[in-house]
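K.L.:
heads up, no residue letters with this:
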């Protein structure tokens, strides 16, 4: 006589095994993403990645240049090749960078050689000492929402670097810097 309970248990085990294998496949098949940003003026965020072979990476996110309170407030990013310290990409390479200012989108693909790379995102301001104080901006700041104007944009600006999981490995940026500095004659 055929045992229906054993048959159902075997079917359940096969279904669970298939679900588990499909979950592993979907996780391994997805691209890996590194995110840097979400910084206050004067702060810097850093990430690092390794490419095991020549690969294409996607750079996406948002940067900006604002003119507020008689000073510029900039959110910007750049990528360095770790060994030779060459800048391989920076926000100023974006076509929207030269527009009048404000928030702009970053959407770029780069083909890179194998190696280690460092990604930086910073927010900074510079005062325009030669320009006059603008009364309209002062009034606008008085009636602005209570949110601090210095960090009101903080979480809106970042970049993500996405790569193929077979060639793109996210690394601990402190380890990358320590390794690089250990080879240097002088490190600050």
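P.N.:
Everything's here; your move. These numbers come from a predicted model, not from an experiment. Numbers count the residues shown, from 1 in each chain.

K.L.:
Tell me how far residue 168 lies from residue 74.
P.N.:
Look at residue 168 and residue 74: by C-beta to C-beta, to the nearest Å, they are 28 Å apart. Just so you know, the C-beta spots here come from the backbone N, C-alpha and C atoms, and that holds for glycine as well.

K.L.:
Which of these two has more residues huddled nearby?
P.N.:
The neighbour count for residue 168 versus residue 74, taken as other C-beta atoms under 10 Å, is higher for residue 168 (23 against 18).

K.L.:
Test my guess that the more buried one contacts residue 53.
P.N.:
No: counting by C-beta atoms under 8 Å, residue 168 stays clear of residue 53, with 10.0 Å between them.

K.L.:
mind giving me the domain ranges of the chain?
P.N.:
1-30, 31-183 (automatic domain parsing).

K.L.:
Comparing these by mean pLDDT, which bottoms out?
P.N.:
Sorting the domains of the chain by mean pLDDT places domain 1-30 lowest, at a mean of 53.

K.L.:
which stretches of the chain form helices?
P.N.:
4-29, 135-142, 173-183 (DSSP state H).

K.L.:
all strands for the chain, in order.
P.N.:
In the chain, strands defined by DSSP state E lie at 32-37, 44-51, 55-68, 71-81, 87-90, 102-112, 115-127, 158-163, 168-171, listed in chain order.

K.L.:
Tell me which of the ones you listed sits most buried.
P.N.:
strand 158-163 (a mean of 21; mean count of other C-beta atoms under 10 Å).
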